[in-house]
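Colleague: predicted model follows, preceded by the sequence.
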Amino acid sequence: MYKPIQMLKVTALGALLVSGSVAAAATSADLLKCQKGVESQIRGFTGFVLTKVQGCAEKVVNCKLANEIDAVDPTSCLAAASTACSGIPTDVSSSQTTRRDKVILKCGLIPFMELEQYVAGLGFFNVASACSAANVNALMDCIFTDSRCATEHQVFVIDPRAQDSLTTAGIAASFPCVGP
């Protein structure tokens, strides 16, 4: 009597595996590789965003302060700053895409539910829920977009004139989170 029940269990498991309903569990090494990839790429990306956006804002502020304090005509300085800043939105978007894709390469084969679950997974359930992410691509888009926005806001905290500066440079629309 034990053998038929055991055979039934093996047959049912085999049917599930053939139908693709049961995904292979990720190893701890896979999960750690994914987590380290997320952390490393986000850290690099946010550092890049901070450097680029804050650098642009600083160029414009320098021109405006020279005008406000020393009565220097800011026209040529602002034109040079705007030219220097013009490629930043494209650079930031390209970096976001490239870094996100690197993370997806490290995390893409891990079953999505293991990225979400807290125990025996990476614990991204709150992020996935808040973003309505249903797969690793959507989850990584959400993580990178949220990190970018937080970094843009940090630029504003560091430089309260940043939003005005980016508006002057003509790129404020590309960085909507620079502000209060």
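Modeller: Great, that's in hand.
Colleague: which residues in the chain form strands?
Modeller: Read by DSSP state E, the chain holds no strands at all.
Colleague: check it for its longest helix and report it.
Modeller: The helix that spans the most residues within the chain, counting by DSSP state H, is helix 28-70.
Colleague: low-confidence ranges in this structure?
Modeller: 1-24 (pLDDT under 70).
Colleague: spatially central residue for it, please.
Modeller: Centroid-nearest residue in the chain: Phe144, 1.0 Å away (criterion: C-alpha atoms, centre = their mean).
Colleague: ok, how many other residues are close to the nearest residue to that residue once chain neighbours are set aside?
Modeller: In space, not counting the residues next to it along the chain, Phe144 is nearest to Arg100; the distance is 4.9 Å by C-beta to C-beta, 6 or more residues apart in numbering. The way it works is simple: take the backbone N, C-alpha and C, and place the C-beta from them, glycine included. Per other C-beta atoms under 10 Å, the neighbour tally for Arg100 reads 20.
Colleague: what does the one 5 residues further on give?
Modeller: By the measure other C-beta under 10 Å, the count of residues near Leu105 is 11.
Colleague: roughly how far does it sit from Ile158?
Modeller: Between Leu105 and Ile158 the computed distance is 33 Å (C-beta to C-beta, to the nearest Å).
Colleague: for Lys59, same thing?
Modeller: Distance from Lys59 to Ile158, by C-beta to C-beta: 15 Å.
Colleague: of the two, who's got more company?
Modeller: It is Lys59, of Lys59 and Ile158, that has more neighbours when counted by other C-beta under 10 Å, with 21 against 12.
Colleague: and the more buried one, what does it touch?
Modeller: Taking C-beta atoms under 8 Å, 6 or more residues apart in numbering as the criterion, Lys59 is in contact with 80-81, 84-85, 165, 169.
Colleague: ok, and the most crowded of the residues you listed?
Modeller: Ser165 (27 neighbours).
Colleague: which residues touch the residue nearest to Glu58 when sequence neighbours are not counted?
Modeller: Once flanking residues are discounted, Glu58 sits nearest to Asp159: 7.1 Å by C-beta to C-beta, 6+ apart. By C-beta under 8 Å, 6+ apart, Asp159 lies in contact with 54, 57-58, 61, 165.
Colleague: which among those residues gets closest to Ser129?
Modeller: Closest to Ser129 out of the contacts of Asp159 is Gln54 (31.9 Å), distances taken as C-beta to C-beta.
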